[in-house]
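Sequence and predicted structure below; questions after.
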Amino acid sequence: DQWGGSIENRSRFGLEITRGVVDAVGHDRVGMKLSPWSTFQGMGTMDDLVPQFEHFITCLREMDVAYLHLANSRWVEEEDPS
């Protein structure tokens, strides 16, 4: 279908929503927070994790969003160093 499979299709939902918000309020008022390495629902185990997020971020840059926040959620899985 148009929402899964290829990198472009997996990006489509988030990018279409972002485009709608940018069109409604302006690119300078829109930001995005992504957690590329989150393991929620198997995301951090994707074979094409880097190309997936490279594509998504490139598309966000083309929309000229105000900011992009990349969060590292791996801290939850780290063991206590003490």
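Perfect, thanks for sending it. On a predicted model such as this, the values are computed, not experimentally measured, just so you know.

How about residues contacting the one helix or strand P51 maps to?
Taking DSSP states H and E as the criterion, P51 maps to helix 49-63. For helix 49-63, contacts defined as CB atoms under 8 Å, 6 or more residues apart in numbering pick out 7-8, 10-11, 14-15, 18-19, 22, 27, 30, 32, 34, 36-37, 43, 46, 68. In short, each C-beta sits where N, CA and C put it, glycine included.

helix or strand right after it?
Next element after helix 49-63 (DSSP H and E): strand 67-70.

same question for that next one, mean pLDDT?
Strand 67-70 carries an average pLDDT of 96.

Please name the strands paired to that strand in the sheet, noting orientation.
Using DSSP bridges, strand 67-70 pairs in its sheet with strand 31-34 (parallel).

Can you give me the neighbour number for the residue lying closest to M32 once chain neighbours are set aside?
In this structure, M32 finds its nearest non-sequential neighbour in L68, 5.4 Å apart by CB to CB, 6 or more residues apart in numbering. Neighbours of L68 under the rule other CB atoms under 10 Å: 13.

What is the burial count for P36?
P36, neighbours per other CB under 10 Å, totals 18.

Spatially central residue in the chain, please.
Centroid-nearest residue in the chain, with CA atoms, centre = their mean: L34, separated by 4.4 Å.

Look up how far S35 lies from the closest residue to that residue other than its chain neighbours.
Among residues not flanking L34 along the chain, L70 sits closest, at 5.7 Å (CB to CB, 6+ apart). For L70, the distance to S35 equals 8 Å [CB to CB, to the nearest Å].

Those two: which has the busier surroundings?
Legend: neighbour count by other CB under 10 Å for L70 and S35, higher for S35 (16 against 12).

any idea how far the more buried one lies from Q41?
Taken as CB to CB, the span from S35 to Q41 is 12 Å.

Over to M32?
19 Å.
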